[in-house]
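Any chance you can model this:
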Amino acid sequence: MAFITPAAAASVTARVAVRPAVVGARATAFVGAAVAPPSRRSVVRAAPAALRMAQTGETLEEFLAGSDPKLSKCVAAMFASCKEVAYKIRTASCDKMACFNDFGDEQLAIDMLADKIIFDNLEASGVVATASSEEVPKEVTITAGAPYSVAFDPLDGSSIIDTNFTVGTIFGVWPGDKLVGTTGRELVAGGMVLYGPRTTVTLAMDGIDGAHEFLLIDDFSSRHGSWVHTATFTAVNEGKLYAPGNLRAAEDNPGYADLIDYYRKEKFQLRYSGGMVGDVNQILVKGKGVFCNPSSPSAKAKLRLLYEVAPIGYVMEKAGAKSSDGSGSVLDLKVQSTEDRSQVCYGSAGEVARFEQMVGKKVEMNATVDTTA
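Numbers count the residues shown, from 1 in each chain. Sure thing, here's the model as predicted:
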């Protein structure tokens, strides 16, 4: 993979003093009229494809130096958590049912252990008023009067850890002390963490263009244990790569069945592991593609808006991609409760538009949601 020069990299990652301008009206091959997205929260405009990735080499601390100190402290707490979680995953003991590791005098399932690690780090930061996780789906008071609230999925894909597939952590940071009642437009930071052959975090923050990949250095050098900025993502182009989640929904969602048939006939490359973070993050690394996870009467939406759908939508849109629940950006969905779930599509503008046209929200979405794993 080629990288551009450090000088060009500096221009790509330059911070802006004010929030970026709102992306303009959106038009697709399937919808005749352009539709201007809401302007409450801006999403940066995609840069030219040639500037999609840039190697910078700066540390996380250097990258955060120009941001709000308390927000930086919150983000740093998440990075510290994920460093510890990465180690616990690598050294976990697994059987056919679950993976375990030690936490003090306890031995915990790895997803619960990750949950506890993150809660502890957020509390220690002193800047998080409220936190909520997919493992503990309620708003938990952390530090009264603190400026930020965090929602997270501590270990997305925990059911495939025993097979040594890539898993991840997802997080979103909102201002204030409430999570219920917010939308993704109000996010000030979000991240996708991958625990794979490399441990990386793809981070997006308010006031900084693009999404940014950080690599955990794990080579026992003088930089061991540090996070280094390795890539900047600013555009997702059209391309024939797809990751289709919840394929069971194609049995009674005709639009999804037609969409899968289209991908096959057009010879799209199938790249799907069952670990959502990796399946979505590859779109940024490859600079093309689409991930979709629709609903149907018999296979309801399982992805949670607060912990997964909105934070990833924030990162993807900051990186120049699009998101949709079938009718519009997932960032416009209001969190009514911590249990809210949604179908979703992330990817290039053309493929997200195709999802809206072929799948949309034609299938009734109001039936009782399947909450089984």
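
Buried ones in stretch 212-228, by neighbour count?
Across stretch 212-228, burial judged by 16 or more other Cβ atoms under 10 Å covers 212-214, 216-218, 226-228. To be clear about C-beta, it is placed using only N, CA and C from the backbone, and glycine gets the same treatment.

Give me the neighbour count for the spatially closest residue to residue 325 that is not a sequence neighbour.
Nearest non-adjacent residue to residue 325, counting by Cβ to Cβ, 6 or more residues apart in numbering: residue 342, 5.0 Å away. Applying other Cβ atoms under 10 Å, we find 22 other residues in the vicinity of residue 342.

Taking the centroid of the chain, which residue is nearest it?
Taking Cα atoms, centre = their mean, the centroid of the chain lies closest to residue 312, which sits 2.6 Å from it.

Rounded mean pLDDT for the strand or helix carrying that residue, please.
When elements are assigned from DSSP states H and E, residue 312 belongs to helix 310-318. Mean pLDDT, helix 310-318: 98.

Output the contacting helices and strands for that helix.
strand 167-175, strand 189-195, strand 199-205, strand 211-216, helix 276-286, strand 322-324, strand 344-347 (3 or more Cβ pairs under 8 Å, 6 or more residues apart in numbering; DSSP states H and E).

what would those look like in JSON lines with distance to residue 250 and mean pLDDT?
Formatted as JSON lines, these follow (distance: least, Cβ to Cβ, whole Å; pLDDT from 0 to 100):
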{"stretch": "strand 167-175", "distance to residue 250": "25", "mean pLDDT": "98"}
{"stretch": "strand 189-195", "distance to residue 250": "26", "mean pLDDT": "98"}
{"stretch": "strand 199-205", "distance to residue 250": "29", "mean pLDDT": "98"}
{"stretch": "strand 211-216", "distance to residue 250": "30", "mean pLDDT": "98"}
{"stretch": "helix 276-286", "distance to residue 250": "17", "mean pLDDT": "97"}
{"stretch": "strand 322-324", "distance to residue 250": "18", "mean pLDDT": "98"}
{"stretch": "strand 344-347", "distance to residue 250": "14", "mean pLDDT": "98"}
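
can you list the ones you listed in JSON lines and add distance to residue 268?
What follows is the helices and strands packed on helix 310-318, written out as JSON lines (distance: least, Cβ to Cβ, whole Å):
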{"stretch": "strand 167-175", "distance to residue 268": "23"}
{"stretch": "strand 189-195", "distance to residue 268": "22"}
{"stretch": "strand 199-205", "distance to residue 268": "23"}
{"stretch": "strand 211-216", "distance to residue 268": "24"}
{"stretch": "helix 276-286", "distance to residue 268": "12"}
{"stretch": "strand 322-324", "distance to residue 268": "17"}
{"stretch": "strand 344-347", "distance to residue 268": "11"}
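
quick one: low-confidence parts of the stretch 101-250 of the chain?
102-107 (pLDDT under 70).

Assign residue 75 to helix, strand or coil.
Following DSSP: H, G, I helix; E, B strand; the rest coil, the label given to residue 75 is helix.

number of nearby residues for it?
Around residue 75 there are 28 residues (other Cβ under 10 Å).

ok, now how distant is it from residue 317?
According to Cβ to Cβ, to the nearest Å, residue 75 and residue 317 sit 18 Å apart.

Likewise for residue 329?
7 Å.

Residues that sit against both of these two, list them.
Common contact partners of residue 329 and residue 317 (Cβ atoms under 8 Å, 6 or more residues apart in numbering): residue 323.
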